[in-house]
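> I need the structure of the sequence given here:
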Amino acid sequence: MKITILSLFPEMFTGVFGESMIKRAKESGAVVIDIVDFRDFATNKHRHVDDYAFGGGAGMLLAVEPIDRALQSIEGYQTATKILLTPQGVPFVQAEAIRLSKVEHLILICGHYEGFDERIRSLVDLEISIGDYVLTGGEIGAMAIADSVIRLLPGVLGSPESAPHDSFYDGLLEYPQYTRPVEYKGMKVPDVLVSGNHAEIDKWRREQSLRRTMERRPDLLKKR
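Residues are numbered from 1 along each chain as shown. Here you go, the predicted model:
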């Protein structure tokens, strides 16, 4: 898989994409990540990529031309899945991460300033929001999407069978989990988990997953 990210601040990705699972995924060839500084595609001598909004208003808008020129510089951009990071996009959920993990080339466009020239929306296939809050720019959102997608690629997780048990994978929160010691300061691991009865363990986990979802995120149950 290839992920291309358009950003004004490429250095922000160095630490996140140079550690842990994403680093291993890059080294194994499971994913290729390119960061494109779309300021390089500005056509004015000061390399400005923003301008005032027609009709007035606070703040500056990202101009359409640098984004368009940057996209056209990317090999295969026409067939890539192009995503604009914006608070106005559809909420990013696990089902979308699963879908995006199956595409060959993903392009993420990070915004800044007050917003976008509306014509930029015509250049993309999808608009995504990672939550109902405002960030300084789209970089953190791009990192979150890339991380959630990359971990689903074949061979990336050390234990690939663990992914289907993650919270949200099947629309529910994950069940409680424990490790040694069996008892710590009076807190004991549930007997069923050390019983060796895998059918009962599976049943307990399913019940706990449903209970936790009902208590903490009943909205997820309504969606099911």
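
> List the buried residues in stretch 114-124.
For stretch 114-124, burial by neighbour count (16 or more other CB atoms under 10 Å) applies to 115, 116, 117, 120, 123, 124. Backbone N, C-alpha and C define where each C-beta goes, glycine included.

> What about those, which are in strands?
When DSSP state E is applied, the buried residues of stretch 114-124 are split such that 115, 116 fall in strands.

> which one of the buried residues of stretch 114-124 sits closest to residue 205?
residue 124 (39.6 Å; CB to CB).

> For residue 188, which residues are in contact?
residue 182 (CB atoms under 8 Å, 6 or more residues apart in numbering).

> Equivalent analysis for residue 38, please.
Residue 38 sits in contact with 6, 7, 8, 49, 66, 67, 69, 70, where contact means CB under 8 Å, 6+ apart.

> Got phi/psi on the fourth one?
Its backbone dihedrals place residue 49 at phi -120, psi 10, with angles given as degrees, to the nearest 10.

> And the third one, by the same measure?
The phi/psi pair for residue 8 (degrees, to the nearest 10) reads phi -90, psi -10.

> cool, the last one as well?
Recorded main-chain torsions at residue 70 are phi -60, psi -40, according to degrees, to the nearest 10.

> close enough to count as contact, it and residue 34?
No - using CB atoms under 8 Å, residue 70 is not in contact with residue 34, being 11.3 Å away.

> Which one among the buried residues of stretch 114-124 sits at the bottom for pLDDT?
Least confident of the buried residues of stretch 114-124 in the model: residue 115, at 89.
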